[in-house]
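Participant: Pasting a predicted model and its sequence here:
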Amino acid sequence: MLTKYESVIGLEIHVQLKTKSKMFCSCDNSGENQPPNTTICPICLGHPGVLPVINRQAIEWGILAGLALNGDIAENTHFDRKSYFYPDLPKGYQISQFSDPIVNGGRLEIEGRFDGKNWEKKTINLERIHLEEDAAKLIHSPTGETFVDYNRGGTPLMEIVTKPDFRAPEEAKVFLQELRLIMRYLGISDADMEKGHLRCDANISLREAGSDKLNPKTEIKNINSFRSVERALAFEIKWQTDLWNEGKPITVQSTRGWDEAKQKTVDQRTKEEAHDYRYFPEPDLPPVRIMNNELGIKENEINLNSIKHKLRELPQAKRKRFMEEYGFDAGDAHILTEDRDFSYFMEQILSELRAWLESKGEPEGTNEEIWNANKKRLSKLAANWLINRFLKILGDQNKNIHTANVTPENFAEFLTFFEQKKINSTTAQALLEQMIESGRSPAQIIEEKGMAQVGDESIISDAVEKVISDNPKVADDYKSGKIQAAKFLFGLVMRDLKGKADPQAVQKVLEEKLGSLQ
Ligand SMILES: [Zn+2]
């Protein structure tokens with residue numbers, strides 16, 4: 001839609017890190033699955049006289065995220081106290097980072113709109129990434145009481161702040177989805193929005209298209225799903241556009257909350273005065289040095305090189321490689337890389353298929369040439385069965401790639417049977433279901449259940465003749481060109497052969513006996 005206004009959107013994202021222990025104490029960091037107020041200690045409850053200790057793992061993961069998001073890793077970083085009073089914060093201050101965040105800048109290229117073939121590329125720049133401790137969880141009962149669960153208090157949180165580079169709600173959603181995938185690939189967070197592992201606040205303002213002015217913005221809080229991000233922003237854009245059209249755009253910054261039930265943003269009363277958090281360096285924690293060598297690594301020093309080695313292939317790079325190396329189209333490459341383990345599974349299958357091709361000993365060409373001549377077709381075959389059938393059956397059987405019990409070797413073998421026409425697609429579907437159910441190899445199942453395809457033309461021919469002599473009237477209809485009759489006879493032959501015949505072979509024999517309908 002053409003509009004004279006442009007939306008200017010920035011995001012603040014909190015990511016829960018799944019370290020073993022909390023940010024500054026040794027309490028278990030799996031408190032969300034434990035009874036309330038059981039994973040707590042004097043440190044995370046803020047008792048007087050206790051001393052916090054920095055969780056090295058959290059620092060390393062913050063750096064890892066910074067590297068993955070192309071940020072500048074600080075050489076020196078430290079924690080600050082952010083003072084405010086609220087029941088979810090027993091110390092009266094939160095340990096966070098203010099002046100020297102662990103990561104400055106950064107960027108992530110997202111794929112915006114899909115034109116059917118490719119995604120439009122767009123770079124979103126980051127302001128910073130910093131680490132902090134989470135506050136406790138307030139639970140409001142329907143009868144108006146409020147309970148506090150301190151299990152979440154003191155758990156490690158990473159805050160990612162973007163520049164106001166988004167111009168459409170859809171871009172914000174795509175960015176968050178990509179970010180979730182990166183966190184999962186890095187193995188540092190489950191990044192599940194519905195469970196609060198990934199939380200997002202969005203700020204938005206409008207301006208006249210072509211202007212580079214930043215107008216007072218609205219901050220939208222309480223967005224807890226990808227869908228809500230898009231909807232909340234779309235709602236807010238409409239609301240602000242109406243105000244602009246009435247000639248009274250917002251003049252003061254405000255905070256609004258997303259009401260999921262009403263599908264609208266609602267005003268949240270904010271304090272009149274600006275926040276004064278009285279940030280100052282946390283006196284109980286030493287500054288952290290991040291260095292490029294291992295010499296003199298002390299308690300508060302981190303070796304950057306060793307973290308760089310832990311950086312694995314990220315989803316975007318993998319998608320690109322999948323398209324170049326195997327010839328997948330953009331859509332398939334996307335689906336296949338949506339889960340790191342699933343993408344490994346796919347690659348192992350392809351490598352098995354390649355080994356199988358090579359072992360067949362094709363007369364023409366080198367191994368490389370044989371693979372190149374077949375890879376696109378085999379990759380497509382594998383992707384079709386994985387995406388359209390395998391995932392669906394997993395869903396139906398309430399399983400995932402780990403509990404399915406199907407090895408890449410077995411899956412590849414299954415595909416070679418199909419490729420060699422030893423089974424038809426109906427049988428293949430049943431076979432795959434049984435493989436997932438039993439964890440057995442396709443060869444074993446085919447052998448036991450007699451599933452192998454009837455390829456012998458004399459058997460097919462006998463079956464066709466029998467069906468024709470049993471149904472002379474339908475055979476006459478066929479001869480006079482009735483398509484329904486052809487389908488009926490075909491179905492009878494397939495039933496006779498228990499669905500195990502190659503459909504093309506049956507069609508061919510029928511046409512030989514009764515003539516072609518074309
Ligand atoms: Zn604790």
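Facilitator: Nice, I can see it.
Participant: What values do phi and psi take at the residue of the stretch 351-500 of the chain found nearest the ion?
Facilitator: Each residue of the stretch 351-500 of the chain has a distance to the ion, by C-beta to the ion, and the smallest belongs to H402, at 31.6 Å. Every C-beta, even on glycine, is put in place using the N, C-alpha and C of the backbone. Note on H402: backbone dihedrals following degrees, to the nearest 10 are phi -80, psi -40.
Participant: Neighbours of it, how many?
Facilitator: When neighbours are defined as other C-beta atoms under 10 Å, H402 has 8 of them.
Participant: Run a quick neighbour tally on the spatially closest residue to it that is not a sequence neighbour.
Facilitator: The shortest distance from H402 to any residue other than its chain neighbours is 7.1 Å, reached at D341 (C-beta to C-beta, 6 or more residues apart in numbering). Look at D341: counted by other C-beta under 10 Å, it has 11 neighbours.
Participant: what's the answer for G481, then?
Facilitator: 11.
Participant: same question, K82
Facilitator: K82 is flanked by 19 other residues according to other C-beta under 10 Å.
Participant: For the stretch 201-350 of the chain, which residues score under the pLDDT cut-off?
Facilitator: 269-275, 296 (pLDDT under 70).
Participant: list the buried ones in the longest strand anywhere in the chain?
Facilitator: Criterion DSSP state E: the longest strand present in the chain is strand 119-133. By neighbour count with 16 or more other C-beta atoms under 10 Å, strand 119-133 contains the buried residues 119, 122, 124, 126-133.
Participant: ok, of the residues you listed, which one's closest to the ion?
Facilitator: Among the buried residues of strand 119-133, and counting by C-beta to the ion, the member closest to the ion is E133, at 10.0 Å.
Participant: Spatially nearest residue to that closest one (excluding sequence neighbours)?
Facilitator: Spatial nearest neighbour of E133, chain neighbours left out: M23 (4.4 Å); criterion: C-beta to C-beta, 6+ apart.
Participant: next one: L233
Facilitator: Once its chain neighbours are removed from consideration, L233 has its nearest residue in P169; the separation is 3.6 Å (C-beta to C-beta, 6+ apart).
Participant: ditto for N405
Facilitator: G439 is the one closest to N405 (C-beta to C-beta, 6+ apart), at 3.3 Å.
Participant: With V474 instead?
Facilitator: Spatial nearest neighbour of V474, excluding adjacent residues (C-beta to C-beta, 6+ apart): A485 at 4.9 Å.
Participant: Might one say that that neighbour is in contact with I468?
Facilitator: No. Under the criterion of C-beta atoms under 8 Å, A485 lies out of contact with I468, with a separation of 11.1 Å.
Participant: how many other residues sit next to the residue nearest to L233?
Facilitator: The tally of other residues near P169 (other C-beta under 10 Å) stands at 21.
Participant: Provide the backbone phi and psi angles at it.
Facilitator: The phi and psi torsions at P169 (degrees, to the nearest 10) take the values phi -50, psi -40.
Participant: For it, give me its contacts.
Facilitator: When contacts are counted by C-beta atoms under 8 Å, 6 or more residues apart in numbering, P169 touches 7, 9, 229-234, 237.
Participant: That one and the ion, how far apart?
Facilitator: When distance is defined by C-beta to the ion, to the nearest Å, P169 is 39 Å away from the ion.
Participant: again, but for D28
Facilitator: Taken as C-beta to the ion, the spacing of D28 relative to the ion amounts to 9 Å.
Participant: residue contacts, that residue?
Facilitator: Contact partners of D28, counting by C-beta under 8 Å, 6+ apart, are 20-22, 34, 39.
Participant: Could you pick out the buried ones from these?
Facilitator: Under a neighbour-count criterion of 16+ other C-beta under 10 Å, the subset of the contacts of D28 counted as buried comprises 21-22, 39.
Participant: closest to the ion among these?
Facilitator: Distance to the ion across these (C-beta to the ion) is lowest for K22, with 5.3 Å.
Participant: which residues touch that closest one?
Facilitator: For K22, the residues meeting the contact criterion (C-beta under 8 Å, 6+ apart) are 28-29, 39, 44, 55, 133, 154-156.
Participant: If we use 7 Å, what do you get?
Facilitator: Neighbour list for K22: 29, 44, 55, 154-156 [criterion: C-beta atoms under 7 Å, 6 or more residues apart in numbering].
Participant: Show me these that map onto helices.
Facilitator: Residues of the contacts of K22 located in helices (DSSP state H): none.
Participant: now, which of the residues you listed lie within strands?
Facilitator: Taking DSSP E as the definition of strands, those contribute P156.
Participant: among the contacts of K22, who's most crowded?
Facilitator: Taking other C-beta under 10 Å as the neighbour criterion, G154 ranks highest of those with 32 neighbours.
Participant: Show me which positions of stretch 311-323 end up buried.
Facilitator: Using 16+ other C-beta under 10 Å as the burial criterion, the residues of stretch 311-323 that qualify are 314-316, 318-319, 321-322.
Participant: returning to that earlier point: if you count neighbours, what's buried in the next helix or strand after the longest strand of the chain?
Facilitator: Going down the chain from strand 119-133, the next helix or strand is strand 137-140, by DSSP states H and E. Under the neighbour-count criterion of 16+ other C-beta under 10 Å, strand 137-140 has K137 buried.
Participant: re the thing from before, out of the contacts of D28, the closest to L381 would be?
Facilitator: Nearest to L381 among the contacts of D28, counting by C-beta to C-beta, is K20 at 42.2 Å.
Participant: residues in contact with that closest one?
Facilitator: N29.
Participant: just T77 next, same as before
Facilitator: T77 sits next to 97, 100-102, 287-288, 290 when contact means C-beta under 7 Å, 6+ apart.
Participant: Now neighbour count, secondary structure and distance to the ion too, for those, in TSV please.
Facilitator: Supplementary listing: the contacts of T77 in TSV, determined by neighbours: other C-beta atoms under 10 Å; DSSP: H, G, I helix; E, B strand; the rest coil; distance: C-beta to the ion, whole Å:
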residue	neighbour count	secondary structure	distance to the ion
Q97	23	coil	20
D100	18	coil	25
P101	24	coil	24
I102	25	coil	22
P287	13	coil	23
V288	23	strand	20
I290	20	strand	25
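Participant: Point out where the stretch 1-150 of the chain drops to low pLDDT.
Facilitator: 1-3, 112-119.
Participant: Span of stretch 79-99 from start to end?
Facilitator: 9 Å (C-alpha to C-alpha, to the nearest Å).
Participant: ok, and what's touching it?
Facilitator: The set of residues that contact stretch 79-99 without belonging to it, under C-beta under 7 Å, 6+ apart, is 24, 45-46, 52, 77, 130-133, 135-136, 138, 148, 277-282, 285.
Participant: So which bits of this protein are right by the ion?
Facilitator: By the rule C-beta under 5 Å from the ion, the part of the chain lying against the ion is 25, 27, 41, 43-44.
Participant: re earlier: before we move on, which element is the residue nearest to H402 in?
Facilitator: Per DSSP H and E: D341 is located in helix 340-359.
Participant: for that helix, which positions count as buried?
Facilitator: Neighbour-count burial for helix 340-359, with 16+ other C-beta under 10 Å as criterion, is recorded at 340, 342-343, 345-347, 349-350, 352-354, 356-357.
Participant: The residue of the stretch 201-350 of the chain found nearest the ion: what's it in contact with?
Facilitator: For the stretch 201-350 of the chain and the ion, the shortest gap (C-beta to the ion) falls at D284, measuring 14.3 Å. With contacts defined as C-beta under 7 Å, 6+ apart, the neighbours of D284 are 51-52.
Participant: Does it lie in a helix or a strand, and which?
Facilitator: Short version: D284 belongs to no helix or strand, going by DSSP H and E.
Participant: Tell me how far it lies from Y93.
Facilitator: 11 Å (C-beta to C-beta, to the nearest Å).
Participant: same question, E413
Facilitator: Applying C-beta to C-beta, one obtains 61 Å for the distance of E413 from Y93.
Participant: Repeat that for E437.
Facilitator: In terms of C-beta to C-beta, E437 sits 55 Å off from Y93.
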